[in-house]
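Asks: fold the following.
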Amino acid sequence: MVLETSITKLFGIKKPIVAAPMGPFYTNDIAIALCEAGGMGIVSHT
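Replies: Residues are numbered from 1 along each chain as shown. This is a model prediction of the structure:
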């Protein structure tokens with residue numbers, strides 16, 4: 001299912017889900033899984 005919103009159009013993603021980095025609790029695995037599901041995962045650098 002593709003839900004079209006301004007966010008999905010702007011970033012070219014299938015689902016309007018964006019996960020922000022959460023310090024030491026957020027891993028690359030979470031970002032990868034979200035991207036594979038059609039959302040946008042973000043990885044931080046500290």
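Asks: make it CA atoms for all contacts and neighbour counts henceforth
Replies: Fine.
Asks: quick check: longest helix of this protein.
Replies: helix 28-36 (DSSP state H).
Asks: so Ala15, which of the three states?
Replies: Check again: residue 15 is Lys, not Ala. Classification of Lys15 by DSSP: H, G, I helix; E, B strand; the rest coil places it in coil.
Asks: how about Leu3, what does it touch?
Replies: The contact partners of Leu3, by CA atoms under 8 Å, 6 or more residues apart in numbering, come to 14-16.
Asks: 10 Å - rerun?
Replies: Taking CA atoms under 10 Å, 6 or more residues apart in numbering, we find Leu3 in contact with 9, 13-16.
Asks: out of the residues you listed, which are buried?
Replies: Buried by 16 or more other CA atoms under 10 Å: 13-16, out of those.
Asks: which helix or strand contains the closest residue to Gly23 other than its chain neighbours?
Replies: Closest residue in space to Gly23, ignoring its immediate chain neighbours: Ser44 at 7.6 Å, by CA to CA, 6 or more residues apart in numbering. Using DSSP states H and E, Ser44 sits in no helix or strand.
Asks: you'd agree Ser44 is up against Pro21?
Replies: Yes - between Ser44 and Pro21 there is a contact at 5.6 Å, judged by CA atoms under 10 Å.
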